[in-house]
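1. quick one, what's the 3D model for this:
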Amino acid sequence: MNEKQLQELIARQRRFYASGVTKSYKYRQKTLASLKSAILRHEKELLEALKKDLGKSKSESYMCEIGLTLSELSWMQRHLKGLMREKSVPTPLSQFAARSFRSPSPYGTILIMSPWNYPVLLTLEPLIDALSAGNTVIVKPSAYAPYVSLVLQELLKECFPTEYVAVVTGGRSENQALLNQHFDKIFFTGGEHVGREVLRHAAEHLTPVTLELGGKSPCIVEKSANITLAARRIVFGKFLNCGQTCVAPDYVLCDESIQKELLTAIRQEIKRQFGKEPLLNPNYGKIINEKHFHRILGLINPEKLVCGGNYDTDALRIAPTVMKNVTFKDAVMRQEIFGPLLPVLTYKSIKEAVYLIESHPHPLALYVFTENRVLWKKLLSSCHFGGGCINDTIIHLATSSMPFGGVGGSGMGSYHGKAGFEEFSHTRSIIDKKTWLDLPIRYQPYSSLKLYMVKKFLK
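-> Below you'll find the predicted structure:
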């Protein structure tokens with residue numbers, strides 16, 4: 001699709017939005033119901049596409065993509081009326097007599113740019129929130145997940161006219177063409193480099209942007225932790241989707257006194273979850289493409305291997321790999337890994353751990369394994385991060401009751417549930433001033449009595 005065609009598409013969407021159709025509660029609920037039916041109809045095709053693009057098993061695909069999408073959709077159906085309602089707020093005495101309220105309003109025409117690692121979830125979840133808020137949407141899925149993109153294109157075409165929801169496929173040239181257009185809001189999920197480009201282009205039109213990025217999310221294991229359970233949950237969170245998860249534990253930072261015990265438990269847990277030969281496990285995924293496959297292999301230091309390190313070039317598979325005695329000078333610590341490599345670092349004191357985390361860009365997630373309540377409270381108050389878990393990994397993003405988003409270099413803005421509705425809405429502040437009374441103190445000519453009254457009202 002060239003720039004002229006995109007301009008025509010956006011113009012059609014603006015006209016459709018201007019008609020007011022998308023703003024009614026009834027239409028929004030109809031939209032959500034249609035989308036849910038389409039997802040259920042195309043469940044098999046989505047599962048097959050996820051297998052082709054990322055090697056995901058049916059269980060993982062449903063648990064981490066389709067199931068979470070349906071959960072967000074159901075949550076929004078249940079709560080939509082309350083989210084759309086005007087919210088009365090207290091009116092200052094100086095504004096008597098009046099009613100003050102907050103009124104959510106759609107932005108208009110939205111661009112959603114989604115990534116390849118969770119191509120169903122991270123396309124449809126923001127779409128659900130944007131449509132619930134009353135917008136029209138253009139969706140740009142990642143070219144790196146072509147099979148899922150085709151299914152999503154067909155699915156959304158069945159549900160909605162293109163003037164309401166349209167899918168634009170393609171690669172960099174299509175991304176560039178889209179970013180050259182004027183949207184009312186851009187929602188981007190992906191890497192920091194492209195995120196900067198999105199923000200730069202949006203600035204040309206003063207377009208508000210939500211950036212869901214990533215970063216090196218630390219996983220602290222303190223000496224009071226349940227080591228066996230910590231290892232199980234770290235292995236689950238790290239090697240899910242072959243480590244290609246924005247909130248995967250990027251590295252472990254453990255008390256030096258428990259490093260040996262933790263490494264033993266992690267090795268045992270990898271064997272328990274993925275078998276003796278993970279590369280032959282049909283439920284273990286693959287790296288998205290050759291470029292990322294070779295990038296990840298380049299981060300492995302054979303001298304620091306604890307386990308793993310083997311790979312299958314033809315299948316684009318890298319076994320769950322653990323490295324010890326890693327420092328921030330190693331190649332694996334100079335970029336977000338986004339693959340099945342787990343570096344293990346140590347600290348001597350919690351103060352040192354906090355320093356190491358805070359001396360690097362703010363991560364999207366932070367995980368703490370400890371039985372010491374005072375300690376985890378100290379970590380939460382000392383470290384900057386998007387969200388996280390105590391004694392678990394990644395599950396904080398699997399609820400519509402809490403916002404999900406980054407801070408600093410890991411992103412801006414948040415979504416899911418109420419936060420998602422608000423992220424795609426502008427909240428207008430309105431005062432409904434009554435006409436049966438008009439206090440004269442704000443009008444000229446001013447006097448000492450009026451000033452006295454103003455001071456009384458505005459204390």
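2. which residues touch the helix or strand of the chain with the lowest mean pLDDT?
-> Using mean pLDDT, DSSP states H and E, helix 448-457 stands out as the lowest-scoring helix or strand of the chain, at a mean of 89. Helix 448-457 is touched from outside by 92-94, 440-442, with contacts defined as Cβ atoms under 8 Å, 6 or more residues apart in numbering. The C-beta positions use only the backbone N, C-alpha and C, and glycine is treated the same way.
3. what comes into contact with the helix or strand containing S88?
-> Taking DSSP states H and E as the criterion, S88 maps to strand 87-89. By Cβ under 8 Å, 6+ apart, the list of residues contacting strand 87-89 from outside reads 99-102.
4. can you name every helix or strand that the next helix or strand after it contacts?
-> Proceeding N to C from strand 87-89, the next assigned helix or strand is strand 98-106, under DSSP H and E. Judged by 3 or more Cβ pairs under 8 Å, 6 or more residues apart in numbering; DSSP states H and E, strand 98-106 is in contact with strand 87-89, strand 425-433.
5. mind listing what's buried in the longest one?
-> Put plainly, it is strand 425-433. S425 (16 or more other Cβ atoms under 10 Å).
6. can you check what angle separates it from strand 98-106?
-> Between the direction of strand 425-433 and that of strand 98-106, the angle (axes from the mean of the first three to the mean of the last three Cα atoms, to 10 degrees) works out to 160 degrees.
7. coming back round to it: so what's the gap between the least confident helix or strand of the chain and the chain middle?
-> With Cα atoms, centre = their mean, to the nearest Å as the basis, helix 448-457 stands 50 Å off its chain's centre.
8. C-alpha coordinates for that helix, CSV please?
-> Once side chains and other backbone atoms are set aside, the C-alpha atoms of helix 448-457 remain, and they are given as CSV (Å, rounded to 0.1, in the frame of the first residue of the first chain):
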residue,chain,number,x,y,z
SER,A,448,-11.4,45.1,48.7
LEU,A,449,-14.6,43.2,49.6
LYS,A,450,-14.3,41.1,46.5
LEU,A,451,-10.7,40.4,47.2
TYR,A,452,-11.6,39.4,50.8
MET,A,453,-14.2,37.0,49.4
VAL,A,454,-11.8,35.5,46.8
LYS,A,455,-9.2,34.8,49.6
LYS,A,456,-11.9,33.0,51.6
PHE,A,457,-13.0,30.9,48.7
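9. can you give me the buried ones in that helix?
-> Within helix 448-457, the residues that qualify as buried are 450, 453, counting by 16+ other Cβ under 10 Å.
10. kindly reformat the contacts of helix 448-457 as a markdown table containing distance to I337 and neighbour count.
-> Compiled in a markdown table, the contacts of helix 448-457 are given as follows (distance: Cβ to Cβ, whole Å; neighbours: other Cβ atoms under 10 Å):
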| residue | distance to I337 | neighbour count |
| --- | --- | --- |
| P92 | 52 | 11 |
| L93 | 57 | 11 |
| S94 | 56 | 15 |
| P440 | 67 | 8 |
| I441 | 64 | 15 |
| R442 | 60 | 12 |
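11. now, the most widely separated pair of those residues?
-> Every pair in the contacts of helix 448-457 was compared (Cβ to Cβ); the two farthest apart turn out to be P92 and P440, at 17.2 Å.
12. break this protein down into its structural domains.
-> Domain ranges of the chain: 3-213+408-428, 218-402, per automatic domain parsing.
13. okay if I get the ones you listed as a markdown table plus distance to M453?
-> Converted to a markdown table, the domains of the chain look like this (distance: least, Cβ to Cβ, whole Å):
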| stretch | distance to M453 |
| --- | --- |
| domain 3-213+408-428 | 9 |
| domain 218-402 | 44 |
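14. mean pLDDT and distance to S447 added to these, as JSON lines?
-> Output for the domains of the chain, formatted as JSON lines (pLDDT from 0 to 100; distance: least, Cβ to Cβ, whole Å):
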{"stretch": "domain 3-213+408-428", "mean pLDDT": "96", "distance to S447": "17"}
{"stretch": "domain 218-402", "mean pLDDT": "96", "distance to S447": "51"}
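15. so L253 sits in a strand?
-> Yes. For L253, which was evaluated using DSSP: H, G, I helix; E, B strand; the rest coil, the result is membership in a strand.
16. taking the centroid of the protein, which residue is nearest it?
-> In the chain, the C-alpha nearest the mean C-alpha coordinate belongs to E212, at 4.9 Å (Cα atoms, centre = their mean).
17. next, that one: phi, psi?
-> Dihedral pair for E212: phi -110, psi 100, per degrees, to the nearest 10.
18. residue contacts, the residue nearest to it when sequence neighbours are not counted?
-> Distances taken as Cβ to Cβ, 6 or more residues apart in numbering put T189 closest to E212, at 4.1 Å, once the chain neighbours are dropped. For T189, the set of contacting residues under the criterion of Cβ under 8 Å, 6+ apart consists of 113-115, 122, 126, 212-213, 246.
19. same thing with F96?
-> For F96, the residues meeting the contact criterion (Cβ under 8 Å, 6+ apart) are 437, 439.
20. ok, it to I431 distance?
-> Separation of F96 from I431 (Cβ to Cβ, to the nearest Å) stands at 11 Å.
21. any common contacting residues for the two?
-> Taking Cβ under 8 Å, 6+ apart as the contact rule, F96 and I431 touch no residue in common.
22. three-state assignment of I138?
-> At I138 the chain is in strand, as set by three-state DSSP.
23. which residues pair with it across the strands?
-> The residues listed as beta-bridge partners of I138 by DSSP bridges are L111, A166.
24. ok, which stretches of the stretch 301-450 of the chain are helices?
-> For the stretch 301-450 of the chain, applying DSSP state H, counting those that start in this stretch gives helices covering 350-358, 373-382, 417-423, 448-457.
25. so what does the third one touch, helix or strand wise?
-> Counting contacts by 3+ Cβ pairs under 8 Å, 6+ apart, helix 417-423 is packed against helix 67-84, helix 121-132.
26. try 10 Å
-> helix 67-84, helix 121-132, strand 185-189, strand 404-405, strand 414-415 (3 or more Cβ pairs under 10 Å, 6 or more residues apart in numbering; DSSP states H and E).
27. ok, the nearest residue to S94 once chain neighbours are set aside to A98 distance?
-> Here the nearest residue to S94 in space, its sequence neighbours aside, is F457; by Cβ to Cβ, 6+ apart that works out to 4.0 Å. With distances defined as Cβ to Cβ, the gap from F457 to A98 amounts to 13 Å.
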